[in-house]
Structures are given as C-alpha cells and as structure tokens.
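Asker: My questions concern the predicted model and sequence given below.
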Amino acid sequence: MPRTEHLVGTRALLLAAARDEFAAHGMGGARVGRIAEQAGVSKERIYGYFGSKEKLFAAVISEALTEHATLLGPPSADLAEYAGRIYDLHRSDPQLLRLMMWEALYYDGGLPNEQPRTARYRDMVATLSEALGSQSDTEPGSESDTEAASTLLALIGLAILPTAFPQITRLILGTAADAPGGDDELRAHIVRLARRMVAPSSDALT
C-alpha cells in the first residue's frame, strides 16, 4: 500500500474510533488509549496526526458536521419537510447530537473551527430567507436575516428535541412514542407544527 493511502487509512480509523469514544464519554471522559486500541495503532500516532486530544475532538466534530450537512442538504422550498428531514437524520444517527451536547458542556465561549461553521450557517440562513420570501407576498430574499436565522433555530430545535432529550419525550408522551407507528406520528406532528410556524401570517390564522 502506498504511504499516502496508509496515512489516510490510519487517520480515518482514528477518527472513527474517536467518534465512538467521544460520543460515549465526552471530551473529559474519553481516553486516548482506548481510541488507539480501537483503531489498532499506538497512542503516539494520535498525537502525531492531531497534536492533542482536544484537537482530535475538534476534528471529530468537524467531520461529523460535514457528513451531516451533506446528507441533509440545504433548506428546501418545503421548510416543514426540511424539519422532517432533520428529525429523520438525527433519529437514524443520534451520535452527532451527543457529540454536540458534549461540545457545549466542554467549551465555554469560542469553538474550534468557529468561523467556517458560522459561515455554513449563514449560507443556510440565506437559503432559508429565499424560501421564506417565496412563500409570502414579499420578494424572495427580502425576509430579514434575523427572522430567517430565528426561524432556522426554531426548526432545528423542533426537530432535534425528541432525540436530544429522550427522557423528556418519554415523560410527556409515555409509551406512545415507542408504540408501533409512534415515531412516524411524532414526525408527522413535527412537520405539521413546522408548516404552521413558517406559513404566512394570513394562512396561519385560517
């Protein structure tokens, strides 16, 4: 195997092992030794590739977010269904949510790779603004960035809460969410709420 391919393969193994470890234990509880053992390499390789456990954590978050964004795609004209897609993606793979919750607990203030992540959300807000404008009497893109950003935040919150806080879902819905078809019903309800939330004010009153 060429050296370049070997290096790429080793890095990928380390990231995969680290993603599982960080998702399970967070930045503070994760152990470099367990990551190295899972990846089948020495601990020194981790420091050689990433420099520190914290930088490895940042790389794991960055890779997971990129994969998530690729699978989800940009906000679409059907914003309610977009909320449904967010719900589907996190229900099928809740690991990203766990990583981001650990990230929120670990960092107090600035985040690694904050600028490119902020730029990515700005692009999403711009796309959402276009979609909101196309659903109203205003020209597409005329929706204020502040309103579009707040709407994006609300859509994400609506879609991820059942997965991020399963205990709250269980306490409120009881066994209904675990019953056959319960997950589909919850998704449908989220989409309906999202549709009402993004509907023009005249439609929301009817």
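Answerer: That came through fine.

Asker: Would you list the phi and psi of P180?
Answerer: Main-chain dihedrals, P180, degrees, to the nearest 10: phi -50, psi 130.

Asker: List the contacts of it.
Answerer: Taking C-beta atoms under 8 Å, 6 or more residues apart in numbering, we find P180 in contact with no residue. For glycine as for every other residue, the C-beta is placed from the backbone atoms N, C-alpha and C.

Asker: where exactly do the helices run in the chain?
Answerer: 3-29, 32-39, 43-50, 53-72, 79-92, 95-106, 114-134, 145-164, 166-173, 182-198, 201-204 (DSSP state H).

Asker: most packed of the ones you listed?
Answerer: Most buried of the helices of the chain by mean neighbour count (mean count of other C-beta atoms under 10 Å) is helix 79-92; its value is a mean of 19.

Asker: What is that one packed up against?
Answerer: helix 53-72, helix 114-134, helix 145-164, helix 182-198 (3 or more C-beta pairs under 8 Å, 6 or more residues apart in numbering; DSSP states H and E).

Asker: and if we set it to 7 Å?
Answerer: helix 53-72, helix 145-164, helix 182-198 (3 or more C-beta pairs under 7 Å, 6 or more residues apart in numbering; DSSP states H and E).

Asker: mean pLDDT lowest for which of the helices of the chain?
Answerer: Set side by side, the helices of the chain differ in mean pLDDT, and helix 201-204 is lowest with a mean of 48.

Asker: how far is stretch 87-97 from where the chain is centred?
Answerer: 8 Å (C-alpha atoms, centre = their mean, to the nearest Å).

Asker: residues in contact with that stretch?
Answerer: 19, 23, 64, 68, 71-72, 159-160, 163-164, 183, 187, 190 (C-beta atoms under 7 Å, 6 or more residues apart in numbering).

Asker: Greatest separation within the residues you listed: which pair is it?
Answerer: R19 and I190 (26.6 Å; C-beta to C-beta).

Asker: now the end-to-end length of stretch 87-105.
Answerer: Its start and end residues considered, stretch 87-105 measures 23 Å (C-alpha to C-alpha, to the nearest Å).

Asker: Nearest to L173 among the helices and strands packed on helix 79-92 would be which one?
Answerer: Across the helices and strands packed on helix 79-92, closest to L173 is helix 182-198 (C-beta to C-beta), at 7.4 Å.

Asker: Report the inter-axis angle for that closest one versus helix 114-134.
Answerer: Angle, helix 182-198 to helix 114-134, by axes from the mean of the first three to the mean of the last three C-alpha atoms, to 10 degrees: 70 degrees.
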